[in-house]
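Colleague: need a structure here:
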Amino acid sequence: MSTRIAFLKGHGTENDFVIVPDPDNALDLPPAAVAALCDRRAGIGGDGLLHVVRSAAHPEARAMAAEAEWFMDYRNGDGSVAEMCGNGVRVFARYLQHAGHVEEGDLAVATRGGVKTVHIDKEGDVTVGMGRARLPEGDVEVTVGERSWPARNVNMGNPHAVAFVDDLAHAGDLFTAPPVSPAAAYPDGVNVEFVVDRGPRHVALRVHERGSGETRSCGTGACAVAVATARRDGADPAATGTPVTYTVDVPGGRLVITERPDGEIEMTGPAVIVAEGTIESGWLEDVVRRAV
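Modeller: Numbering: from 1, shown residues only. Have a look, this model is predicted:
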């Protein structure tokens, strides 16, 4: 007789996730299982999956267990493993609060991109310390149809190409990954952001997330966009000693990104748990068996 696996559904600025609590890392979640769970017609549906594991129980996170009790084992919607997901961290923290593991205030979350500091505000928003951006050298170009734009290479623990455009419609349908050159700049693929100005220190974006397609929001992408826009605007907090804050509109809402003089980037936005239930394990086993 099949058993049932608990799950929840949550989103951060409409970047949505299947949440699978598994404190002891007892579940086998191969790529086919994750892709099936994230399927919007035949599964639960989500841009990605948040596998909630105690750091001490996961081989990739044991070294971080002294700093962070919980590890966000994040997977893209196609089942591939990802280093980090900014919106995912906020939803992950909201789940920990929902489940009674943490309360309002500060906590640490282990990710493949390192330990992230999180603050759950009593008013509801969640702020994540996203670490420092790296700006690799070299020219990058993004192409959609007959249009091409220079892009800024920004790494937020995962890779981004940020292109400034006149109209977000120029990004096309974003169902498939826009070509980025040179390919050697992103050997493991890349998230591509298209950006327009909305006002002083206020921009809007559309994004193709590698492994997921166009999503309603991308937290690391919003951070990459804020950093790229600041440098375009001549602002560098490390040089001036003054923090810089950008409002970043995404299709699913609004995020506020601050870069501090020490290089640390903070992202603030909503995180919501919308449902919880159980997965029929027999169905999941069948999916995995057919994929082999």
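Colleague: show me where the stretch 1-150 of the chain has its strands.
Modeller: Using DSSP state E, counting those that start in this stretch, the strands of the stretch 1-150 of the chain run over 4-12, 15-21, 48-54, 70-76, 105-111, 114-120, 126-132, 140-144, 147-155.
Colleague: and the gap between the nearest residue to residue 39 once chain neighbours are set aside and residue 36?
Modeller: In this structure, residue 39 finds its nearest non-sequential neighbour in residue 45, 6.7 Å apart by CB to CB, 6 or more residues apart in numbering. C-beta coordinates here come from the backbone N, C-alpha and C atoms, glycine included. According to CB to CB, to the nearest Å, residue 45 stands 11 Å off from residue 36.
Colleague: give me every residue that touches the residue lying closest to residue 21 once chain neighbours are set aside.
Modeller: When the adjacent residues along the chain are set aside, residue 21 lies closest to residue 52, with 4.6 Å between them (CB to CB, 6+ apart). Each residue near residue 52 by CB atoms under 8 Å, 6 or more residues apart in numbering is listed here: 19-23, 70, 72-73, 92, 95-96.
Colleague: for PyMOL, write a command that selects the buried ones of the residues you listed.
Modeller: Applied in PyMOL, the following selects the buried portion of the contacts of residue 52 according to 16 or more other CB atoms under 10 Å:
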select buried, resi 19+20+21+22+70+72+73+92+95+96
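Colleague: pick the one among the contacts of residue 52 closest to residue 285.
Modeller: residue 20 (14.9 Å; CB to CB).
Colleague: any low-confidence regions in the protein?
Modeller: 1-2 (pLDDT under 70).
Colleague: that one: helices as residue ranges?
Modeller: 31-38, 86-98, 219-232, 237-240, 281-291 (DSSP state H).
Colleague: picking up where we left off before, okay, the residue nearest to residue 21 and residue 114: tell me how far apart.
Modeller: Residue 52 is 18 Å from residue 114, by CB to CB.
Colleague: equivalent analysis for residue 269, please.
Modeller: As defined by CB to CB, residue 269 lies at a distance of 20 Å from residue 114.
Colleague: just to revisit the earlier point, and of the strands of the stretch 1-150 of the chain, who's closest to residue 200?
Modeller: Nearest of the strands of the stretch 1-150 of the chain (CB to CB): strand 147-155, 19.7 Å.
Colleague: got the contact list for the closest one?
Modeller: Residues contacting strand 147-155 (CB under 8 Å, 6+ apart): 133-136, 138-143, 159-165, 170, 180, 185, 192, 224, 227-228, 231-232.
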